[in-house]
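Trainee: give me a model of this one.
(4 chains)
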There are 2 protein chains.
Amino acid sequence: MGASKSDSFSLEQNEMATLFKALSHPARIAIVDYLLTVDSCICGDIVNELPLAQPTISQHLKELKNANIIKGTIEGTAICYCINPDTIDKIENHFGMIRHKLKNKCC
Amino acid sequence: MGASKSDSFSLEQNEMATLFKALSHPARIAIVDYLLTVDSCICGDIVNELPLAQPTISQHLKELKNANIIKGTIEGTAICYCINPDTIDKIENHFGMIRHKLKNKCC
DNA sequence: TTTGTTTATCGTAATATTGCAATATAATAA
DNA sequence: TTATTATATTGCAATATTACGATAAACAAA
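Mentor: Numbering: from 1, shown residues only, chains lettered A, B, ... in the order given. Model prediction:
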């Protein structure tokens, strides 16, 4: 056995878990951080920035892309990766909901 | 090889990744959701609420507790688990930072 | 065409996560 | 004391993730 009984949970719960899983590795946090420091971005820059091999970074980028946290537009030979603000909105809204429900709570 | 080169990343990056990892499973999202719907809470309730066995839920609660997302206070035989608002703050602040840096960005 | 540059994919070894039965622990009740 | 109740821990099988060398694919430049 092992791993994910995702059928048993709501679509919303699975969606949020997928978003958080995409952010659950320091390399992917670092990629998001880095994308926020530059105006446009190509993958090669990230390879130089992080202590990981190119295939590993490509894989992390793919996971971030699958989760819609970043989006990439082809630009000649390179690819311009950027944060997707809509997904950031979605996560912020989730915590807005939590914050709202946390009012009038005990403990 | 495989898995986590966490030494290579900043403390902040590792901390955020740890928080997101704790939220990266639908069962743990469901536990947080459930804790938000009740005023106080014991683990037994959660076992009845979710389609998972008691040891599995105990394990998920442990991970949420380790990440400081929930805190438990002993209450007789049972344990009262609650959301830790400080950690919710921390995550919200992180996205506040992202939101701030996202202004004047391209793509 | 050939060469170089950039990114993706494949294959695979090392490691981590998930789920649960069985069992243990801790506290209360009888 | 002996249940009973609530939660935690152990051990293990199934599965997922991570990292990277090797290689492929796509495209531009020479």
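
Trainee: mind checking how far residue A:71 is from DNA strand D?
Mentor: According to CB to the nearest atom of the strand, to the nearest Å, residue A:71 and DNA strand D sit 18 Å apart. Every C-beta, even on glycine, is put in place using the N, C-alpha and C of the backbone.

Trainee: meant to ask about residue A:15
Mentor: Residue A:15 is 14 Å from DNA strand D, by CB to the nearest atom of the strand.

Trainee: could you pull out the helices in chain A for me?
Mentor: A:11-22, A:26-37, A:43-49, A:54-66, A:85-102 (DSSP state H).

Trainee: packing partners for the second one?
Mentor: Contact analysis of helix A:26-37 by 3 or more CB pairs under 8 Å, 6 or more residues apart in numbering or on different chains; DSSP states H and E lists helix A:43-49, helix A:54-66, strand A:70-75, strand A:78-83, helix B:11-22, helix B:85-102 as its packing neighbours.

Trainee: quick one: mean pLDDT over that helix.
Mentor: Mean per-residue pLDDT for helix A:26-37: 96.

Trainee: quick one, it and strand A:78-83 angle?
Mentor: 90 degrees (axes from the mean of the first three to the mean of the last three CA atoms, to 10 degrees).

Trainee: for the helices of chain A, give me a markdown table that also has mean neighbour count.
Mentor: Below are those laid out as a markdown table (neighbours: other CB atoms under 10 Å in any protein chain shown):
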| stretch | mean neighbour count |
| --- | --- |
| helix A:11-22 | 19 |
| helix A:26-37 | 21 |
| helix A:43-49 | 15 |
| helix A:54-66 | 16 |
| helix A:85-102 | 15 |
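
Trainee: sheet partners, orientation included, of the helix or strand bottoming out on mean pLDDT in chain A?
Mentor: Sorting the helices and strands of chain A by mean pLDDT, DSSP states H and E puts strand A:70-75 at the bottom, at a mean of 85. Partner strands and pairing direction for strand A:70-75 (DSSP bridges) are strand A:78-83 (antiparallel).

Trainee: what's near enough to touch the closest residue to residue A:94 other than its chain neighbours?
Mentor: Among residues not flanking residue A:94 along the chain, residue A:16 sits closest, at 5.8 Å (CB to CB, 6 or more residues apart in numbering or on different chains). By CB atoms under 8 Å, 6 or more residues apart in numbering or on different chains, the contact set of residue A:16 is A:91, A:94, B:23, B:26, B:29.
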